[in-house]
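Asker: sharing a model prediction with you, sequence too.
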Amino acid sequence: MTRHPMVILTILICWSLLLSTPTNHVDFISVDIQPKDHMLSDVNGEGPMLSNGIYNWNFEHADNNERPDGWDISGYGYTRGNLTDTEYTHTGSYAVSMKYEAGYAYDGFSLNLNSIPNDVFVDSAMNLTFWTYYDSINYDVNQYIRFRFQNSTGYVFDLYYLYSAESWSPNNLTYASSSYTYYDVSYLMIESQWCELHRNLHEDLISQHPSLDDSVELSQFYFYMESYISSKGLNHVFIDDISINNGTEHIPEGGFEVNPQSYWYVSNNNHDFGYITLSSTRTEGDYSANLTALCTNNSTTSNIEMYWTESNIDEVFPVTKDVSPVIEFDWYLDMQSLSNDVNQYARFELRLYNYSTSTQYYLYYTMATGSGNLQSMNSTTTKYMKLSGFNQTETWHHSTIDLYNVCEELGWGNVSLRRMEFQVYSGSQENARISMLVDSFDMNIYPTANPSFDIRISDNNQINFWDPSVSNNPSLNITTDSYSGLYAANVTASSGQSHNLFRNTYIPVTPTLTTDIHYRLDNLYYGGSNYARAYLLINFDNGFSLTYMIASTTDVTESWNSTTNLYYKVDGYNNASSTWTNIVENIYEDAQEFVIMPEYIENVYLYSTAYGSCEVSVLWDDVHFVVDQTNPTVDIQSTPSGVNYLTSPTVTATADDSWAGIDELLLHYNAGSGWVTVSMIDGGSEYSGQIPAQSYSTTVDYFVEAIDREGNSAIDDNGGSYYSYTVIDNVDPEIGFDDPLWYGPASGDVVVNVSAEDPGSDIASLELLIDDVSVKNFSSEPYQYLWDTRAESNGEHDVTLVAEDNAGNSISTEITVTTNNDLSGPEIASVVLTPDNPVYDRTTTVTAVIIESSGLENISLYYNVDTIGWNRLDMDYIADTSQYTATIPEQACGAEVAYYIEAFDELGQSTITPQDSYISGDPYIPSISVSGPLISSPVSGIVNFTIIATDQGCGVNDIEIFVDGSSVAFHAGENYVFNWNTLELENGEYTIRFVVTDHAGNMAYSEFEYTVNNPQGLDGITDALSNVLSEYGFFIGAGTVVLIFVIAKLVARRRNK
């Protein structure tokens, strides 16, 4: 329970009745006797806490440069020095080049003379000349020339010429002290220009220190660059023509022209950066420390070191049985391109010190070397050892070092730990690199180092591993009058004394951090108006403090409290007796009154203060701190079963922790890909957490971890077997028809798209049926079926989809689809010939009316002539009609042309008309000419007619002659001579018709009326001939008369088809 700062009740006490006789505790025993184990505290049955002892042990805090905060860093920057550079020179051919860039740790770089000539006394004529040329400048790098002088009495004095100063207070100032003087020469830092520093050394010395005389001798000289990594950037300077001259030149080869290596050297040359950062690759928390040494060529070296170090005995840790540090840490190595060199290494160094003999010891725990061997430099004070996992890279290792046991084996007694250092070093190999990660560093020590005051390093009565305000004082010493073990600490004050014991600590302020400190108030004496007080003072990292009052002769009131310091009375306050009292105070709860909660206890004071004739005497023992180190209890209440892949099962658990209280419950589960953690929800009586849904057949292991507010944890993991379940699939697949086939009639080829999904066990089979007949078994996506609905009768059809998953769950769904297809070819409604009676000298156009609802694909007209071969013509569509047309070429007269039409719709269905034919006709009548006697004269005897018939079309078929309508002659051909024997006729009038007919049946005729007048008997014939002769005027050949007359044509008729 949190207590508020006390409200003091005034209590009147007769101090003289308490204990009026001062008590001294001066007994002590030999240091060879080991202390006894500390007894268990009454604070919840917990033993005293062990802690890491140092800040930022887990590397979770970064400084301003993103390095592990609280750890000291040492290592290399970038340095390149050349005594014979030719790039920039003041005079001659050579100058010194010095390149420097700050790394991740402090590094220095200097130009030095091998030796200073003897008897270089600084007289009034001693002048310095020093030329510099800056190619690039970093003003945050410390750069200076330092002269060291010494007089005849051995007094040492330093003279500095500061070019730039990153961390020194006399930046841009001239500054002097009793042992050194600074002169600001930063005005000479000009880029790309040679600048001369010219100073009279004697004047610069005497002006600040007039007491110095000409007996001052130069003992050291160098130019130095260094940085504490406040900024980055290359600093590159060229140096030439250095002179110290008072009539005699005291600098050999200051122009660097001839063999300067004989006189000069560059210290810390050819360094490459050593890196130290925080890394997210870790074993706990968020970060680890990353130390990397990388060389860029065969002549460079790289180094980085991270360390904790203390030298004061109140800050180091004893290596003694039962209280010695047991150091643990995790480490990881990544190495490349190392040469076979034992001096390329990664290691952990421990330095131990024997304060009695002033002997230092070294332990080197080596993680790796380039050669795989250890440095062979073991001695009585130095030991090299391999850590388990030596030279094993790319894996985490955990190392534990029990310092007491190690020192016992080595025979190193009575030592204390005062330095711990992680180191990596690579060199002399291009691209050689060693990277070391360090995490989870733990020292496992008592925070106050010597809590029971039983550890001795000498045979006196001093209190070791604590810092006393006074030494060798019987009022501040050890005593055998102890609560436990061998000794206790006596802190007594009287007559104006203020005595205390002090110990630096690192104690994290956690919820159950409680004091477990025993004290005995032996004496509290009030001697008048002054006062005496005794108290426990705890100071925190943020400057706040808690004061626990043991005794006070004046009232301690609430007014004493401030925003940074709170006062509390402890049990047994002002109760001087021979009884030991246990201070049990919850630091965390008491510090709640601060506005800002502190992170850790920085130091502990045991105070006694008395003024005037007052006195207070307190014995202290077992200055321990306690935290809850007992694990909570946790029990899983519900275990999921029958979990399918859609279910996120809930796990419930109960947990209890009687002191620290439960901070959180974590549900850890592993579904085959590693452990995953889920924070459980506090429901009051129990906690609950859900495991996300997992895939079918996955076996899920799980357990619950309870963590209290101190980080103690306990698990319920079913006795080490884990709780588990296997995910089942009891859910039907999800299936469906993706296309809305049921919205309207279906026709033609229909793509049936179906979907099937089973997130659990997956689809095992998927089948499509139409009218209970299986048409498709799908084996993979896409699930599609091309349904030719024309294969079905028009009407309703049941389309069914059936699925089954690999767990045996099945489901079906059905839809009804109405099909309505055009199942016949196009309708050819009519076929018309143009002209309707085709003729020989013209083309014939065939026009058809074709009707088709589903669309026409193509229409063809087929024809042959006189049954010889079939020819195909594409019929063309006549816009905005239902008509299609094609033209048959002109054919010979009388040719018989057979034809038919074939039409296809878009579904491939066709219609063919019956075959029809026509004869290529002749519309023209023939021509006829007749030569014979004049119709105006009677004829007699044998009358000759010459008939000439022509026809441009099919040709003349025949000539037929009719007399008074009766055929009297017939001739098959074009020309015909007809001899009309009138003698067989009675005289009288006769109509004679000459008819010509062509092959097409067209007919033409000429018709004449003649009068037959034959003489009767022989005289008649003679008379007839005479008449002919007299009419025509001549005879041709024997009995031949040539008659010329106009030809008359008469069209009788055309043949109808």
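Answerer: Great, that's in hand. Numbering: from 1, shown residues only.
Asker: what helix or strand does residue 802 sit in?
Answerer: strand 795-805 (DSSP states H and E).
Asker: that strand pairs with which strands?
Answerer: When pairs are called by DSSP bridges, strand 795-805 turns out to pair with strand 763-770 (antiparallel), strand 810-819 (antiparallel).
Asker: how many other residues sit next to the nearest residue to residue 583 once chain neighbours are set aside?
Answerer: Spatial nearest neighbour of residue 583, excluding adjacent residues (Cβ to Cβ, 6 or more residues apart in numbering): residue 517 at 4.4 Å. Backbone N, C-alpha and C define where each C-beta goes, glycine included. Counted with other Cβ atoms under 10 Å, residues neighbouring residue 517 total 26.
Asker: I'd like the mean pLDDT over the helix or strand containing residue 517, please.
Answerer: For residue 517, the enclosing helix or strand under DSSP H and E is strand 514-525. Averaging pLDDT along strand 514-525 gives 96.
Asker: again with stretch 201-212
Answerer: Averaging pLDDT along stretch 201-212 yields 82.
Asker: so which residue is smack in the middle of this protein?
Answerer: Centroid-nearest residue in the chain: residue 280, 14.8 Å away (criterion: Cα atoms, centre = their mean).
Asker: for that one, which residues are in contact?
Answerer: Counting by Cβ atoms under 8 Å, 6 or more residues apart in numbering, residue 280 touches 286-287.
Asker: run through the strands of the stretch 51-200 of the chain in chain order.
Answerer: Secondary structure of the stretch 51-200 of the chain (DSSP state E, counting those that start in this stretch): strands located at 72-75, 78-85, 95-101, 107-113, 127-136, 142-150, 156-164, 175-176, 180-184, 194-200.
Asker: comparing the ones you listed, which comes out most buried?
Answerer: Highest mean neighbour count among the strands of the stretch 51-200 of the chain (mean count of other Cβ atoms under 10 Å): strand 95-101, with a mean of 23.
Asker: list the contacts of it.
Answerer: Here strand 95-101 makes contact (Cβ under 8 Å, 6+ apart) with 77-83, 85-89, 109, 111, 133, 138, 141, 223, 225, 227, 232-240, 256, 260, 264, 266, 273.
Asker: can you do 6 Å?
Answerer: For strand 95-101, contacts defined as Cβ atoms under 6 Å, 6 or more residues apart in numbering pick out 77-83, 85, 89, 109, 111, 225, 234-240, 256.
Asker: strands along the stretch 501-650 of the chain, start to end?
Answerer: Along the stretch 501-650 of the chain, counting by DSSP E, counting those that start in this stretch, strands occupy 514-525, 532-540, 545-552, 565-569, 581-583, 600-610, 615-626, 633-638, 650-656.
Asker: could I have the CA atoms of the strand holding residue 517 written out in CSV?
Answerer: The C-alpha trace of strand 514-525 is given here as CSV (Å, rounded to 0.1, in the frame of the first residue of the first chain):
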residue,chain,number,x,y,z
THR,A,514,11.7,-2.9,-0.9
THR,A,515,14.4,-2.2,1.6
ASP,A,516,15.5,-5.1,3.7
ILE,A,517,17.9,-3.2,6.0
HIS,A,518,18.6,-3.8,9.6
TYR,A,519,19.7,-1.1,12.0
ARG,A,520,20.1,-0.7,15.7
LEU,A,521,19.7,2.7,17.3
ASP,A,522,22.3,2.4,20.1
ASN,A,523,22.2,6.0,21.3
LEU,A,524,20.3,9.1,20.8
TYR,A,525,21.5,11.9,23.1
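Asker: and it, what does it pack against?
Answerer: For strand 514-525, the contact count by 3 or more Cβ pairs under 6 Å, 6 or more residues apart in numbering; DSSP states H and E identifies strand 545-552, strand 581-583, strand 615-626 as packing neighbours.
Asker: try it again at 10 Å.
Answerer: Contact analysis of strand 514-525 by 3 or more Cβ pairs under 10 Å, 6 or more residues apart in numbering; DSSP states H and E lists strand 488-494, strand 532-540, strand 545-552, strand 581-583, helix 587-590, strand 600-610, strand 615-626 as its packing neighbours.
Asker: pull the contacting residues for residue 671.
Answerer: The contact partners of residue 671, taken as Cβ atoms under 10 Å, 6 or more residues apart in numbering, are 691-695, 698-702, 727.
Asker: who wins for neighbours among the residues you listed?
Answerer: Using other Cβ under 10 Å as the neighbour test, the contacts of residue 671 are led by residue 702, with 25 neighbours.
Asker: setting aside sequence neighbours, what's the nearest residue to it?
Answerer: Sequence neighbours aside, residue 669 is the residue nearest to residue 702 in space, at 4.0 Å (criterion: Cβ to Cβ, 6+ apart).
Asker: and what of residue 473?
Answerer: Nearest non-adjacent residue to residue 473, counting by Cβ to Cβ, 6+ apart: residue 499, 7.3 Å away.
Asker: alright, calling it a day.
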